[in-house]
Every structure is written in C-alpha cells, then in structure tokens.
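Trainee: next comes the sequence, and after it the predicted model I'd like to discuss.
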Amino acid sequence: MSISDFIETPDNYEQKTICCLVVDVSGSMATLNPSGSPINQLNQGLSQFHAEIHEDNATANRLEIAIVAFSDTVEIVQPPALVDHFSPPVLNAKGSTKLVDGVRAGIELVQSRKQYYKNTGQPYNRPWIVLITDGAPDTGQDVRGLAEEIATGMAAKDFLFLPIGVTGANLQMLESIAGSYSEGGRTHKVSPLPLESAKFSEFFKWLSASIAIASSDENESNLPMPTWMTGYKN
Amino acid sequence: MDSSDQPINTSEEFCSSNEWLIVDYSAIGKDHSKHDIPCQDNRYIQRIDPQWGVAVCCDGAGSAEKSDVGSKFVAEQTANVLALTIEKEQWLTKNRLPAQEEWNSISRQALYQVFRDLESFAQVNNLELKLLACTVIAVIYSPIGLLVTHIGDGRAAYCNHEGQWTAIIIPFKGEEANMTVFITSSIWHDPDKYIESRVIDDKPFGFTLLSDGCENFAFLTHVNTSKTTNQIKIEDINLPFQGFYHPIVKHLKAIHLTLSHEAIQAEWASILESGTEKIKETIDDKTMILGLLV
C-alpha cells in the first residue's frame, strides 16, 4: 500500500466553458473537391472532435458544446451539452447562406447559457463562438450590424469569436466582422483563419487542445500554433 | 459522516518540538507540459530559525508571456521583505505577533515594496511590467500563530490543535472562473478591496499554501446544494478537504522520523505529480507548500 491509496479528493462541481460552433451548411458545402466534399469532411471532423473531448476527462467535464447550423434557415442542431450527453450530428448541405442570422443565433445562445450559469451559481470561462463558412452571406444580410455586435461583445469580454474560412470563403467579409480581444493589457485583432476542407480533422484537433488550455487558465496567448491554417509553415 | 470529516490526529499526536517540517513543490500542468509551456508557478521558503520563517506561493498569469519570471522574482522578494520585517518589528525576539490592524498596514507596505522592486526589475531587464503578472500568497509562520497576506487567487489554510484544517484566505475571483487580480494590476488605489491580510493567533500545527491549480483536489470549492434532482444550485465554498490533508499529514510525520529531508521532498513531489488520477490529470500548474509542526 502506498500513500496514494489513502488520499481522497473532493467532488467539486466543474467550471464550464461553452463552445458554440456556428456552421455553414449551405449548398456549396456539398461541392465535391479532390478530397471529397466540405460537408462530409466537416462531419468527420465533428465526430473526431467529439471523440477527442470524450477521451480527455478534465475537458469532457468542463466543455459544453452547442452547434448552430445555417443555410437559408437557422437551426440549433445541438443545444449546450457536455460531450458525454450527445452524439455528434450528421449535417446535410443545402440552400443559401444566412450567415448573419446564424452568428446572431450563436451569440444569443451563449449569452443565454452564461445567464443560466450565473443564475445557478456555476463558475464559467469566457464562451467561444467559432464560425465555419465556405462562402459569403446572402444579399441583404446585415453584415455591418453583426460586426458591431461582435466588436461590442468581444470588448465586453462576453465571448471570444473565431471566424474560420474554408476554401472559397469571403475572407474580406470575415475580416470585417472579426473583433478584437484584450489580454495581458494588450489588444489583439482577430483575423479569420483560412482552412482547406481536407484539414478539418487537424483543425478540430487544434480546437479541442486550445479549449482545454483556455478552460484551465484563460490563456489565449499560449494556444498551440494552428498548423492546419493554409500557408502555415512550422 | 464521511471519513474525510473525521480528524485523524489528536492534539497529543500533534505534540511537537515547535520545529517545522516544510515540503514544497511545483508541478507543471498536464496541458502546459504537452504544449511546452513553462511552469508559471513559483514558491520560496525563507527559514529564519527552525521555528520562524516565511513561505510564499506565486502563480504567474497565463496571459502574461514572462509570468514565470515574474512569479519567481515576486516569491523570492516577498520572502526577503517579510523576513526583514520580522527582524525590524522584533516579532521573533519578543515572541509576539502584531494585532490585525498593525498587520494590515505592515503587509500592504511589504507587498507594495515588492511591487516597486518588480517595477525596477522590469525596467532593468527591459520588460513590460504586465508581462510579469502573478498572484502572491505569503505566510509568516511561527509556533505562536500565522500572519497571512495575499493578492489574487489560490488557497491557504491552517491546522488547529484538533487536526482540523480551516481556510485562512478568500481567493479574489472575477466574473469568469479564471479571472483574478495580480500584483501588477491597478490595485494600489484600493488595497482594502484587493489585499487580504489576516492574523491567526491560534497555535498552528500545520499550514498550507497552494496555487489555484491544486484547489480542485485539495479543497471543496463548488458544491451542488440543490435538493431537487436534475436541478443545479452551486454554492461557492472554501473548505480544505480533510480527506486529502489527513492521510498526507500522517504519512509525512511518520516518514520524517526515518527519511532525509530530500527523500521527504521527493515523496511530496511524487504526490503532487501523480498522487491520484485526479491530481495527475490536472491541466493547470500545481504548487503546494505544506508546513507541519513536528
């Protein structure tokens, strides 16, 4: 018998981090490329993301995932839940790109979840909203208004917004809505991160590792390098 | 009653020579290790004699690039400044501790001195002060009581004659779980709000200081108090977990009789690295100092 056999540890209620994935499921996500279609690669990536979080006990008890899918409609495919409480969804691509409505639904969802954490006394970390799109918003979508909402939310530390542009995405538009965050007394502009759809798997691996770190010590500057980014050289 | 609620040591078992056995260790968090991030915690023990001394635990801000450097400097300098204070105030020679108001004033002056020294250190090394951000918890230990002061989060506790552990600081928490203040923060205009200092004038039989990375396995911090199934009402509490401390205290006091201090330190390091699965799986850096009268 060693001392380890006698040490007891308490069952503390774990602090929570919510990560809301706002994903583009418009028709263009079904377009075939040499390595398949983005929607299939996204589905595989989501499944792998789910499995990796599931295998990491500490993160699995802290990280709640929500998924908002947008095309010509917006649907909350997965309300906030720990990975042990849901199976990864299979998304289908069709229709147009109501991107602004999708991101707004994501913002509303994380704000509502934060209020729930406050009401129930649960400690929480800053929510993440991760937008994944391969296109541009439909004509008439209020991109400028959304940019203001994101800028205000980021400045108030309501959430961290991370736009991911899959091959074909309008990176200029994503740049216009990406906000800034303050950390260690400095302000950092967030830039949209370009992603080849074939690297969805690598992206989700990075995302699970990054959220694990951020959920432990609010430490965005220490996130691992995004090696899945187009043009990244290690 | 849970076994962890039962004090396992009586005051007789705690009877001592009034000398302190102190173990200390910093373990890098699981995810910091995986991504080659340095351990941002530091600690420092300054023994004045076998009975009196200073122990300091600092946790570098995750968001500050050089916080490992800052936490090392602040831990050492806080210990130095407080050791000088003990001498200047003649607490050891007169075998007395200050009253609460006096300690409030002295501890704030001491921490402010450390802050100014850190500013000078940053200037000399051409570093931005904010990059050195860290928390600080310091205790002056003695056989007649403890003086504790701190900025930021982390936990501290002491053990009384009945073997019961009680928290002696309240961690400063922001709206989000990992938000706190640092010695480099804008806190000096309102020290009442940001610096907590306490005199423990009960004879201590043990004390502990820990960075927040350790609190999930060494303290009860958040408990669901809802009496309704499927409902959540979390209460923020601050209770050293007796089931963690009691067996460790018993073990260290036992091996102290036969092993060298280096061997005891190695045992302590092993406990903090991987004493249980929960300890091993901790994501954040883990620093804990444990002092026991032996």
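Mentor: Noted; the coordinates are in hand. All values derive from a computational prediction rather than experimental measurement.

Trainee: could I get the full set of strands for chain A?
Mentor: A:17-24, A:63-70, A:74-82, A:128-133, A:160-166, A:180-183, A:186-189, A:193-195 (DSSP state E).

Trainee: and of these, who's closest to chain B?
Mentor: Chain B lies closest, by CB to the nearest CB, to one member of those: strand A:180-183, at 4.6 Å. For every residue, glycine as well, the C-beta is placed using N, CA and C.

Trainee: from the contact counts, what lies against the closest one?
Mentor: If you count contacts as 3 or more CB pairs under 8 Å, 6 or more residues apart in numbering or on different chains; DSSP states H and E, strand A:180-183 packs onto helix A:143-155, strand A:186-189.

Trainee: single out the most deeply packed of those.
Mentor: Of those, the one with the most neighbours on average (mean count of other CB atoms under 10 Å in any protein chain shown) is helix A:143-155, at a mean of 16.

Trainee: so is that helix next to chain B?
Mentor: No. Using CB under 8 Å from any CB of the partner chain, helix A:143-155 stays clear of chain B, with a minimum separation of 14.0 Å.

Trainee: quick one, that helix and strand A:160-166 angle?
Mentor: 130 degrees (axes from the mean of the first three to the mean of the last three CA atoms, to 10 degrees).

Trainee: hey, C-alpha coordinates of helix A:143-155 in PDB?
Mentor: The C-alpha coordinates for helix A:143-155 follow below in PDB (Å, rounded to 0.1, in the frame of the first residue of the first chain):
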ATOM      1  CA  VAL A 143     -23.000  42.300 -42.000                       C
ATOM      2  CA  ARG A 144     -22.200  45.700 -40.700                       C
ATOM      3  CA  GLY A 145     -24.600  45.400 -37.800                       C
ATOM      4  CA  LEU A 146     -23.200  41.900 -37.000                       C
ATOM      5  CA  ALA A 147     -19.700  43.400 -37.000                       C
ATOM      6  CA  GLU A 148     -20.800  45.900 -34.400                       C
ATOM      7  CA  GLU A 149     -22.400  43.300 -32.200                       C
ATOM      8  CA  ILE A 150     -19.300  41.100 -32.300                       C
ATOM      9  CA  ALA A 151     -17.000  44.100 -31.600                       C
ATOM     10  CA  THR A 152     -19.200  45.100 -28.600                       C
ATOM     11  CA  GLY A 153     -19.400  41.500 -27.300                       C
ATOM     12  CA  MET A 154     -15.600  41.000 -27.600                       C
ATOM     13  CA  ALA A 155     -14.800  44.300 -25.900                       C
END
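
Trainee: off-centre distance for that helix?
Mentor: Offset of helix A:143-155 from its chain centre (CA atoms, centre = their mean, to the nearest Å): 17 Å.

Trainee: avg pLDDT for it?
Mentor: Average pLDDT, helix A:143-155: 95.

Trainee: now do that helix against strand A:128-133, angle only.
Mentor: On the basis of the same axes, to 10 degrees, helix A:143-155 is oriented at 150 degrees to strand A:128-133.

Trainee: list the helices and strands helix A:143-155 packs on?
Mentor: When contacts are defined as 3+ CB pairs under 8 Å, 6+ apart, helix A:143-155 packs onto helix A:99-120, strand A:160-166, helix A:171-177, strand A:180-183.

Trainee: please redo it, this time with the cut-off set to 6 Å
Mentor: If contacts are counted by 3 or more CB pairs under 6 Å, 6 or more residues apart in numbering or on different chains; DSSP states H and E, helix A:143-155 sits against helix A:171-177.

Trainee: what helices or strands is the helix it packs on leaning on?
Mentor: Using 3+ CB pairs under 6 Å, 6+ apart, helix A:171-177 sits against helix A:143-155, strand A:160-166.

Trainee: you'd agree A:Phe49 is up against A:Lys205?
Mentor: No. With contact defined as CB atoms under 6 Å, A:Phe49 does not reach A:Lys205; the gap is 7.8 Å.

Trainee: who's more crowded, these two?
Mentor: A:Phe49 (23 against 18; other CB atoms under 10 Å in any protein chain shown).

Trainee: which residues touch that one?
Mentor: Neighbour list for A:Phe49: A:Phe204, A:Ser208 [criterion: CB atoms under 6 Å, 6 or more residues apart in numbering or on different chains].

Trainee: mind checking pLDDT for it?
Mentor: Note for A:Phe49: predicted pLDDT of 90.

Trainee: run through the chain and note the low-pLDDT ranges.
Mentor: Using chain A here. Residues of chain A meeting the criterion pLDDT under 70: A:183-186, A:198, A:213-234.

Trainee: my bad, the chain I had in mind was chain B
Mentor: B:1-16.

Trainee: try 90 this time
Mentor: Confidence mapping of chain B against pLDDT under 90 gives the ranges B:1-18, B:29-38, B:62-65, B:174-179, B:227-231, B:281-284.

Trainee: contacting residues around the residue nearest in space to the middle of it?
Mentor: Chain B has B:Leu209 as the residue nearest its centroid, 1.9 Å off, counting by CA atoms, centre = their mean. If you count contacts by CB under 6 Å, 6+ apart, B:Leu209 has them with B:Ala55, B:Cys57, B:Ile137, B:Ala156, B:Ile289.

Trainee: which one of the residues you listed is nearest to chain A?
Mentor: B:Cys57 (15.9 Å).

Trainee: about what we covered before: kindly reformat the contacts of B:Leu209 as TSV containing distance to B:Ala122, secondary structure and neighbour count.
Mentor: Formatted as TSV, the contacts of B:Leu209 follow (distance: CB to CB, whole Å; DSSP: H, G, I helix; E, B strand; the rest coil; neighbours: other CB atoms under 10 Å in any protein chain shown):
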residue	distance to B:Ala122	secondary structure	neighbour count
B:Ala55	25	strand	30
B:Cys57	21	strand	31
B:Ile137	21	strand	30
B:Ala156	27	strand	28
B:Ile289	26	strand	25
